[in-house]
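Undergrad: Fold the following, please.
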Amino acid sequence: MADLSAFLTALVINAIVAFVVILLFSYLRTRRPRVYEPRSQPELAPKVPNPPAPIGPGMFAWVSAVFRLTDDEIYAQSGLDALMYCKFFTYGLKVSAMCSIYGLLVLIPVYATAGNEVTIDGVTTEVSGIDVISLSNVAEESSRLWATFFSVFLFAGIAMYNLVDVYKSYSHFRLLYFREHHSHFHAVLLRDLPKEITTGKALKEKISTLFDDVVSATVAKDVKALEKLILERDQVCLKLEHAEAVAIQNPDKDPPTAKDGGFLCIGGKKVNAQEFFGARLDELNEEIAKAQEEAKSSEGGSSGFVVFQSRKSAVTLSQVNSFGVPGNWTAEQAPESRDVKWANLFMGYYARLLRGILVSCATWALVVLWVIPVAFVSALTTLESLGDLGADWLVDLVETSDVLKGFLEGFLPTLALIIFMALLPPILTALTSAEGVASFGLISKGMMTKLYLFYLINVFVVSLLAGSVFDQLDPIIEDPSSIISLLGNSVPTTGIFFTTYVMILALSQFPMALLRVGPLIVSWIKLKWLAKTRREQEAAWYPGPYDVGRYLPVQLLVALLALVYASSAPIILPFAILFFGFGYIVSRYLVYYVHVPNWETGGAMWPAVFNRCMLGVLVYEIAITAMMGIKKGKIQTPLMVLIFPPTILFWQQMNKAFQPAVVFQPYVDACETEAGDELDATEYMTPAIVADADKKPMPYDPPGDEPEKNFGFDDS
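TA: Sure, this is the predicted structure:
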């Protein structure tokens, strides 16, 4: 049975930490604006053309500022990707709040007054702790199961109703996005070009046989050697700027030196850093200029971009089978030029197909292998499991203190699970990139779908079954359908574990995201001792993007947990409200005042998010149906079948109604929204070829002593 003291210990620890962290953030925000409110700073003007107004000096002024933000303001400042990320918290908050009315006012009293003993298969068990207010406290064939039965239809309906609301909002802003003046709406990415199409001229001539308004055509070129030269040139330029700044700031000291030759700071000849890096910069500029000229006349790879004068032509080419050649002329709407993953444009159709199969196999293999450590971590939730592992000394030690017991059973395993799953995003990002997708936005989307699969299987299913699945492995192998009954048995007994999981996420993830400990410490060290030039100073505090694909799977998992346990362990609902409410505030603050996106897809990830929300609803219905069967609800269990057809039909009809309208740019908008679009014929040329061939160091700009020059890190 659930240990109430363990849960309360975890709650108190996390609540205290969250309170302290929020107070610390509220204090530091007013003193370190370039760390905690960088988008409102004038230095970011090139990347944020219309920066938001500073919040003000009040310690908690940021809270009211966030609540005053409208969806239109977030969309205008941060884009539709950021807005839809924030809208998901609104969805989760509404669903949790609406479900809590029935869950807390009806289900908890029904469960709590069912008595404290349950007989299952002739065995009577005493129910204690938080399990008293869960479905675990309801006897077999009890009429109280009707309350659970009605909750499924109510909660599933609430979830689907709110999904419609969010999808309508997404459709509205998606159409606004299509009507804006973006040059990439005039461009089409063509992959798997025939071997005879190796230059932009040849590509333009071919497409001009179909359309008469081709502005430019370019073929992506594999120029790794040139890119390597540019990377070295950029590093040399930074070192030259640093050496010049050190020399100016220390006129009474010897000029800064560098090493010519050597390996790993060993050996080499000491030389004047300014002269050495200055000469090397001139050499690299000459090499780059020569390499660029050679690259311009070289043949390209298997992908190219076509830019049209009219959006209509771009919409048409991206959606029709132009030449009817399998494995050739694969067309799609071009991403923003800053969103293009240029290194992936040289993979052919069959190479991408093979890589996709291999990555899928690797992902599933990783899912299976990841089960082992996750199941082990989940097993640490009870002292009995530790005893079975031979850690009797640890059991004896923990038993001496209720606080230690609560920390071990209620806090540590859940925290370890969160940390363990945080290791996955870089691995899954690399796997998705290896598939050969053409843009960073698609990489983020692919990583999100894979990461959600991990959370669904390794956090939800494995944590759900870890305590009993190994004991019943043989019956499952003999009868795979028995896993449904095992699911029904496990859900009520794991409510406290997942309630703790949601609570820890709410009270740790969001406060720490606000505090930005890493950027605060790193930027302070760099600005205090390392950053000598204006460019180094800006790099030290630049906030960077907020990759929503990395964090959405967690939100999707919490939405699933809130639904599944809303009917079986309604105590999770207040913590789901806390999670989504806290997330609502923090996400809007971060995307509006802190992070600067590197690219924008116009919310292209939302249809995939919707499908995973609906998968969550379906899993919820299956889980409750299994629980009804375990509780021997002879009438309720067969009637649960009635909920599946409308759920699946709703899912299908939503995709059928909304996806055609939001995935592709409407043709009518393409016809009407053309005036004012500025087209750049070089926008989709390989970046290394059009890079500045004669780069010079930035003039020295002394930092000064005032806070503005010191980027908010004054000594006061």
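
Undergrad: for this structure, which helix is longest?
TA: Looking across the chain with DSSP state H, the single longest helix is helix 145-178.

Undergrad: Mind giving me the packing neighbours of that helix?
TA: Packing partners of helix 145-178 (3 or more CB pairs under 8 Å, 6 or more residues apart in numbering; DSSP states H and E): helix 71-78, helix 80-102, helix 548-568, helix 606-630, helix 636-639, helix 644-663. C-betas here are computed from N, CA, C, even on glycine.

Undergrad: Format those helices as TSV; extra columns: distance to Gly157 and mean pLDDT.
TA: Below are the helices and strands packed on helix 145-178 laid out as TSV (distance: least, CB to CB, whole Å; pLDDT from 0 to 100):
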stretch	distance to Gly157	mean pLDDT
helix 71-78	25	94
helix 80-102	10	97
helix 548-568	12	93
helix 606-630	10	92
helix 636-639	16	93
helix 644-663	9	93
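
Undergrad: most tightly surrounded among these?
TA: helix 548-568 (a mean of 25; mean count of other CB atoms under 10 Å).

Undergrad: got JSON lines for the helices and strands packed on helix 145-178, with distance to Leu451 too?
TA: Formatted as JSON lines, the helices and strands packed on helix 145-178 follow (distance: least, CB to CB, whole Å):
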{"stretch": "helix 71-78", "distance to Leu451": "22"}
{"stretch": "helix 80-102", "distance to Leu451": "15"}
{"stretch": "helix 548-568", "distance to Leu451": "4"}
{"stretch": "helix 606-630", "distance to Leu451": "11"}
{"stretch": "helix 636-639", "distance to Leu451": "34"}
{"stretch": "helix 644-663", "distance to Leu451": "22"}
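
Undergrad: Which one of these lies nearest to Leu317?
TA: helix 644-663 (15.8 Å; CB to CB).

Undergrad: Output the closest one as CSV, nothing but the C-alphas.
TA: Extracted as CSV, the C-alpha positions of helix 644-663 are listed here (Å, rounded to 0.1, in the frame of the first residue of the first chain):
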residue,chain,number,x,y,z
PHE,A,644,-14.1,3.3,-28.4
PRO,A,645,-16.0,3.8,-31.7
PRO,A,646,-16.8,7.5,-31.1
THR,A,647,-13.2,8.1,-29.9
ILE,A,648,-11.7,6.6,-33.0
LEU,A,649,-14.3,8.3,-35.3
PHE,A,650,-13.5,11.7,-33.6
TRP,A,651,-9.8,11.2,-34.2
GLN,A,652,-10.3,10.4,-37.8
GLN,A,653,-12.7,13.2,-38.5
MET,A,654,-10.5,15.8,-36.8
ASN,A,655,-7.6,14.8,-39.0
LYS,A,656,-9.8,14.7,-42.1
ALA,A,657,-11.3,18.2,-41.3
PHE,A,658,-8.2,20.1,-40.1
GLN,A,659,-5.1,18.6,-41.6
PRO,A,660,-5.7,19.6,-45.3
ALA,A,661,-6.3,23.2,-44.1
VAL,A,662,-3.2,23.6,-41.9
VAL,A,663,-0.5,21.4,-43.5
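
Undergrad: residues making contact with that helix?
TA: Applying CB atoms under 8 Å, 6 or more residues apart in numbering, the external contacts of helix 644-663 come out as 156, 160, 163-164, 167, 170-171, 174-175, 604, 606-607, 610-611, 614, 617-618, 621.

Undergrad: one step back: and of the helices and strands packed on helix 145-178, who's closest to Gln41?
TA: By CB to CB (comparing all of these), the closest turns out to be helix 71-78, at 13.9 Å.

Undergrad: what angle separates that closest one from helix 80-102?
TA: Calculated by axes from the mean of the first three to the mean of the last three CA atoms, to 10 degrees, helix 71-78 forms an angle of 140 degrees with helix 80-102.

Undergrad: in the stretch 201-350 of the chain, which spans are strands?
TA: Using DSSP state E, counting those that start in this stretch, the strands of the stretch 201-350 of the chain run over 214-219, 257-260, 269-272, 303-308, 330-333.

Undergrad: Pairing partners for the third one, with directions?
TA: Applying DSSP bridges, strand 269-272 is found paired with strand 257-260 (antiparallel).

Undergrad: for the partner strand, which positions count as buried?
TA: Ala258 (16 or more other CB atoms under 10 Å).

Undergrad: Work out the gap between that strand and the centre of the chain.
TA: Mean-position distance between strand 257-260 and its chain equals 42 Å (CA atoms, centre = their mean, to the nearest Å).

Undergrad: C-alpha coordinates for it, CSV please?
TA: Taking C-alpha atoms only, strand 257-260 is exported to CSV below (Å, rounded to 0.1, in the frame of the first residue of the first chain):
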residue,chain,number,x,y,z
THR,A,257,51.3,35.8,-27.4
ALA,A,258,50.2,32.7,-29.2
LYS,A,259,51.8,29.4,-30.2
ASP,A,260,52.7,28.7,-33.8
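
Undergrad: Cool, thanks, talk later.
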